[in-house]
Every structure is written in C-alpha cells, then in structure tokens.
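Undergrad: Below are the sequence and a predicted model for it; my questions follow.
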Amino acid sequence: MNSKYDVNEMYDRHAEGELHLPSLLTHLGERSLYDAVSQCSRCGYCETVCPTYMLTGREPISARGRNQLVRMSMEGRLGGAAAAAGEALDTCLLCGACSEACFAKVPTADIVLEGRRAALGPAPRLIPSLLSRLMLDRPGLFGFLLRLGALARLTGLPRLAGKLGLFRMLGLAPLEKAEREAPRMPFTFLAGKLSADPELAAAPGGPAPAWAYFAPCGPNYLFTAVGEATVALLKRFLGKGLFFHNNCCGLLAYNYGDIRHAREFARRNIKKYEELKEKHGELKVIGDCSSCTAFMKTYEQLFTAEPEWRARAAAFAAAVRDAIEAVPSTAMTHAPREALAGAGRITYHDSCRACHGQGIRKEPREALRTLAGKNFVELPESDWCCGGAGAYSFTQPEMSERILRRKTANIASVRADTVAVGGTSCLLQINAGLKRDYPRAKAVHYTQLLERLTRPTAK
Ligand code: SF4
Ligand code: SF4
C-alpha cells in the first residue's frame with residue numbers, strides 16, 4: 001500500500017542537511033540517522049514506559065516498533081507496512097520516556113521527527129511554516145492577528161460555528177477543540193508588559209544582571225500570569241535580571257517539519273544571547289516552559305554541519321535553565337499557613353520535557369516538600385505524559401484523551417487540590433481533563449505556585 005510514508009528514499013533526503021538533521025547527537029556519540037536507529041537492539045525494555053504502547057498493546061506504536069519501521073523505511077523494506085509507519089510516526093508523543101528507560105538511550109523522538117520530515121519532503125507544513133515566517137519577519141502583524149482572533153472569539157461566533165459543526169465540515173476539527181478549551185487570550189502580551197518594567201532594564205553603574213527571562217510562546221501569548229509570576233520569583237531569589245526580548249525558540253517549526261525556520265529562530269536567539277553577554281557578562285537564560293528550554297538546550301544538534309554555529313549554539317545551550325530548576329530548593333522555608341490553605345493538597349506532575357528531556361526531577365519536589373510539608377503528596381505515574389504534548393491533543397484527540405484520563409484518575413487517587421506543572425501544554429491539557437473528571441483540583445504552573453507560597457507577608 002502506498003502512502004506519504006512510503007519513503008524509501010528517506011536516507012537520501014536525510015543527507016540533505018538543510019531540510020534535516022545531518023546527524024544526531026546520541027548518548028553514544030554523533031551518529032547518522034541510520035546508525036542512530038540501528039542502536040535499537042529491539043530488547044523491548046522501553047515498552048512499559050511508552051504511553052501509546054501501554055494503552056493499546058500494539059507493537060507498531062511502541063518505541064521499538066517505531067524505530068524498526070523507520071529503519072525498514074530507510075532500507076527500502078517498508079512494502080505493505082507503509083500505513084503502519086504513518087500511524088507509528090503520527091501518534092508518537094515525542095515524550096522521550098523511552099530514551100530515558102533505554103540502556104543505549106536511543107533517541108526515538110528525534111528519529112520519529114526525522115521520519116516525519118522525510119515523509120513531508122521539501123515542502124514543510126503550510127500553517128506552521130507561515131506562522132514561523134510571520135513571527136520572524138512581522139511579529140507586530142502576528143500579534144495583531146492573534147488579537148483579532150481573540151476579538152472574534154468574544155463575539156461568540158467561533159463557538160456557534162463549532163456547535164453547528166462548521167469546523168469539522170471544513171476539516172478544521174482541531175480549531176473547534178482549541179475554541180472550547182483554550183483560555184481567553186490577553187490583549188496585552190507578556191513581552192509588552194515586561195518591556196515596560198523598569199526593574200528589567202540594565203541600570204548604568206547598577207548590579208550586573210544574573211539572568212535574562214526568555215518568554216516562551218505559551219506565557220507570552222496565552223498565560224501571561226505565568227510569565228509575570230516567574231519574573232517576580234526570579235527577582236525575589238536570583239536578584240537583578242533582564243528581559244531577553246526574544247522570538248519563539250523554534251520548537252513549533254522543529255516539531256512540524258520546518259527545520260529551516262527552526263534554525264533561523266535558533267540563530268536569532270543565540271545572537272541575542274551573545275549581545276547580552278558582551279554587554280553584561282555571563283548570565284543565565286531562563287524560560288518557563290519545559291518544552292522550550294529542553295529544545296534550546298539541544299540547539300547544537302541543529303548545527304552539526306556548521307562548525308561555527310555549532311560552537312555558538314553549544315555555548316548558548318549551556319546558559320539555558322528551566323525556571324523549575326533555576327530557583328534553588330535550598331532557599332525555601334515552610335510556607336505561611338494562609339498561603340498553604342489556598343493550595344490544599346499539592347502534587348507535582350513531571351512535564352515530559354522537564355524529566356525525560358532535561359533530567360529535572362529532584363529540584364521542584366524538594367522545593368514543594370519544604371514549602372508544603374505534609375500537604376505535598378507524590379503523584380502516581382507523575383512522569384507519564386498527560387497527552388498534551390504540544391499540539392498532540394489537537395492532532396491525535398482520541399489517543400490524547402485516553403492518556404489524559406489516566407492522568408486525571410491518578411490525580412484523583414491522591415485527592416490532590418493543586419497540581420504543579422512546568423509546561424504550558426500540560427497546563428492547558430490537565431486543566432481541561434480536571435474540569436470534566438475531577439473539578440475539585442486545578443493545575444497551576446510551578447512558578448505561580450512557588451511565587452504565591454514564598455510571597456512575603458505583611459507584618
Ligand atoms: S529503544 Fe532502547 S529500550 Fe527500546 S527496544 Fe530499542 S534498544 Fe531496547
Ligand atoms: S517518545 Fe513517548 S510515545 Fe514516542 S515512542 Fe517514546 S515513549 Fe513512546
């Protein structure tokens with residue numbers, strides 16, 4: 001059976017570095033895609049941590065199955081399995097749980113993304129590519145269009161269109177879901193607010209900034225309160241800081257087949273960092289969406305064929321920190337009783353790109369345990385993906401829904417009231433699930449919770 005995934009020529013395309021990663025930086029060293037996928041020994045050790053496999057029991061949608069299908073495709077042996085390969089690549093959450101469990105740390109998520117890019121060929125997906133171009137060249141227009149969308153939403157027309165089934169008729173079902181679940185978009189984006197904050201400007205003769213806040217798209221365009229809480233927290237615990245005045249990190253482009261734009265975003269952010277470093281000396285670049293910080297920490301992999309940019313990307317990556325690791329847990333003390341009363345029983349969900357992508361598990365737990373004492377409870381399967389995974393809940397709604405139900409059942413099992421998370425996609429997804437399955441609880445971003453629990457009380 002032929003399909004867009006019958007990509008026997010994938011290996012040739014992989015060599016076209018402009019559209020692909022020329023090599024992968026694996027745990028065992030720099031490898032071609034073929035060598036990286038060949039590292040999979042088919043042991044199956046990762047099967048029990050792969051959410052799509054555990055929910056379905058179907059081998060093609062396990063990490064082992066995905067690696068084998070990509071390998072077969074590269075060897076021109078896909079034959080009748082082309083449709084299975086398509087499903088395998090499309091349904092991967094890119095959560096990285098498999099790689100963490102794998103003894104050889106086979107980078108299955110990167111392999112899946114290369115498979116998707118090969119299937120797409122030279123033309124990246126239209127919408128992510130257009131959005132990237134707008135964000136890069138016309139950020140003002142991009143913001144204007146978002147505001148226009150927010151205004152249209154206020155009229156109630158999109159909701160009506162959803163009820164009448166118009167989105168589905170036009171093949172835009174993901175927009176219907178977005179209309180239903182996304183919070184109201186602010187009219188003033190975070191970047192506008194932070195640009196006007198005098199405390200985030202460098203003062204001549206003043207203290208050298210220790211950090212620069214990078215505003216990921218989630219906090220910038222949707223959850224501005226998250227970014228404001230992060231900045232307040234960083235000021236409180238890390239002293240003088242700046243606003244990075246950034247573009248997107250490039251993850252949207254990277255995940256949706258548009259590696260050229262991903263590289264362009266990366267180059268701009270690297271240059272910006274170098275300018276700041278030149279002016280102010282060493283500083284950390286801190287972002288508050290784990291998907292974005294995890295991606296920025298791997299910028300080097302985008303430039304393995306460009307030695308100069310590779311070194312610059314590695315230096316930038318070394319300066320990146322996730323907000324959930326940036327504030328030291330040792331600086332915490334037990335939170336005031338009134339602050340804790342508002343939060344109730346607190347638990348922590350490991351965002352995939354925090355735990356599997358960056359290895360961050362200890363710091364946020366220690367901080368919450370110190371702050372909340374007995375009010376902190378561990379969440380069963382805390383590092384199991386919530387099904388949000390960027391736009392996965394919109395592109396794979398059925399699988400996403402099954403994964404989400406498992407997450408909300410786990411939250412209910414420990415009778416939690418507040419679920420701290422480090423990613424904005426988790427925030428959206430878990431709150432949508434809790435509203436329906438367990439309305440007593442609410443997900444909040446980790447920095448918002450920490451900001452509340454460490455806020456100085458009036459004496
Ligand atoms: S990805 Fe790793 S753990 Fe999974 S089957 Fe392959 S070698 Fe084994
Ligand atoms: S990245 Fe996640 S969903 Fe994809 S194969 Fe690995 S564990 Fe499974």
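TA: It's in. These figures come from a predicted structure and were not determined experimentally. Ligands and ions are numbered 1, 2, ... in the order given.

Undergrad: contacts and neighbour counts: CA atoms only from here.
TA: Fine.

Undergrad: quick one: which helix or strand includes the closest residue to ligand 2 within the stretch 351-459 of the chain?
TA: Proximity to ligand 2, evaluated over the stretch 351-459 of the chain using C-alpha to the nearest ligand atom, is greatest for C385 at 7.9 Å. C385 is part of no helix or strand, with elements assigned from DSSP states H and E.

Undergrad: from what I can see it touches C92, true?
TA: No - between C385 and C92 there is no contact under C-alpha atoms under 8 Å: 11.2 Å.

Undergrad: Give me the most central residue, the chain.
TA: Residue closest to the mean C-alpha point of the chain, counted by C-alpha atoms, centre = their mean, is S291 at 2.2 Å.

Undergrad: so the closest residue to S195 other than its chain neighbours bridges to which residues?
TA: Excluding the flanking residues, the one nearest S195 by C-alpha to C-alpha, 6 or more residues apart in numbering is F243, at 7.0 Å. Under DSSP bridges, the beta-bridge partners of F243 are Y213.

Undergrad: Where do the domain boundaries of this structure fall?
TA: The record's domain parsing of the chain by automatic domain parsing lists 10-120, 126-181, 190-326, 333-453.

Undergrad: which of these has the lowest average pLDDT?
TA: For these, mean pLDDT drops lowest on domain 126-181, to a mean of 68.

Undergrad: Tell me which of the domains of the chain sits nearest to ligand 1.
TA: Between ligand 1 and those, the shortest gap by C-alpha to the nearest ligand atom is with domain 10-120, which sits at 3.6 Å.

Undergrad: In this structure, where's the longest helix?
TA: Scanning the chain for the helix with the most residues, using DSSP state H, yields helix 259-280.

Undergrad: Go through it and flag the buried ones.
TA: Neighbour counts using 16 or more other C-alpha atoms under 10 Å place 259-270, 272-274, 276 of helix 259-280 among the buried residues.

Undergrad: what do you get for stretch 323-340?
TA: Across stretch 323-340, burial judged by 16+ other C-alpha under 10 Å covers A323, I324, E325, A326, V327, S329, M332, T333, A335, P336, A339, L340.

Undergrad: My read is that the residue nearest to S195 contacts F214, right?
TA: Yes - F243 is within contact range of F214, at 6.7 Å (criterion: C-alpha under 8 Å).

Undergrad: Comparing those two, which shows the higher neighbour count?
TA: Using other C-alpha atoms under 10 Å as the criterion, F243 and F214 rank with F214 on top: 32 against 22.

Undergrad: Could you find the closest non-adjacent residue to the more buried one?
TA: G287 (4.8 Å).

Undergrad: you'd agree the one you found is up against E325?
TA: No - the pair G287 / E325 is not scored as a contact, 10.3 Å apart, by C-alpha under 8 Å.

Undergrad: Which stretches in this structure count as strands?
TA: 24-26, 29-31, 211-214, 241-243, 284-287, 320-322, 346-348, 418-421, 442-445 (DSSP state E).

Undergrad: Alongside ligand 2, which residues does the stretch 101-250 of the chain contribute?
TA: Residues of the stretch 101-250 of the chain lying near ligand 2 by C-alpha under 6 Å from any ligand atom: T108, A109.

Undergrad: Give me the distance between the nearest residue to A88 once chain neighbours are set aside and L449.
TA: Setting aside the residues directly before and after it, A88 is nearest to I61 in space (C-alpha to C-alpha, 6+ apart), at 4.9 Å. To L449, I61 is 36 Å away according to C-alpha to C-alpha, to the nearest Å.

Undergrad: What of F316?
TA: F316 is 28 Å from L449, by C-alpha to C-alpha.

Undergrad: Can you pull the residues of the protein lying near ligand 1?
TA: When proximity is defined as C-alpha under 6 Å from any ligand atom, the chain approaches ligand 1 at C40, S41, R42, C43, G44, Y45, C46, A63, R64, C102, A104, V106.

Undergrad: Buried only: go through the residues you listed for me.
TA: Judged by 16+ other C-alpha under 10 Å, buried ones among the residues of the chain next to ligand 1: C40, C46, A63, R64, C102, V106.

Undergrad: pretty sure the second one contacts K105?
TA: No - using C-alpha under 8 Å, C46 and K105 do not qualify as a contacting pair, with a distance of 9.9 Å.

Undergrad: overlap in contacts of those two?
TA: Common neighbours of C46 and K105 (criterion: C-alpha atoms under 8 Å, 6 or more residues apart in numbering): C98, S99.

Undergrad: burial of K240, as a residue count?
TA: By other C-alpha under 10 Å, 20 other residues sit near K240.

Undergrad: ok, it touching A203?
TA: No - assessed by C-alpha under 8 Å, K240 is found out of contact with A203, at 10.0 Å.

Undergrad: thinking again about what came up before, more neighbours: I61 and L449, which one.
TA: Applying other C-alpha under 10 Å to I61 and L449 shows that I61 carries more neighbours, namely 27 against 24.

Undergrad: Assess the claim that that one and L55 are in contact.
TA: No - at 10.0 Å, I61 does not count as touching L55 under the criterion of C-alpha under 8 Å.

Undergrad: Roughly how far does R268 sit from A409?
TA: From R268 across to A409, the span is 42 Å (C-alpha to C-alpha).

Undergrad: Next: N247.
TA: Distance from N247 to A409, by C-alpha to C-alpha: 37 Å.

Undergrad: Those two: which has the busier surroundings?
TA: N247 (20 against 16).

Undergrad: tell me the phi and psi of the more buried one?
TA: According to degrees, to the nearest 10, the main-chain angles of N247 amount to phi -90, psi -170.

Undergrad: Spit out the contact partners of it.
TA: Here N247 is in contact with M135, L136, F265, R268, N269 (C-alpha under 8 Å, 6+ apart).

Undergrad: K235 too?
TA: Contacts of K235 (C-alpha under 8 Å, 6+ apart): G241.

Undergrad: for E264, same thing?
TA: E264 is in contact with G250, counting by C-alpha under 8 Å, 6+ apart.

Undergrad: Repeat the analysis, applying 10 Å as the threshold.
TA: S132, R133, L136, C249, G250, A253, I270 (C-alpha atoms under 10 Å, 6 or more residues apart in numbering).

Undergrad: ok, now how distant is it from R116?
TA: Distance from E264 to R116, by C-alpha to C-alpha: 20 Å.

Undergrad: next one: V320
TA: 27 Å.
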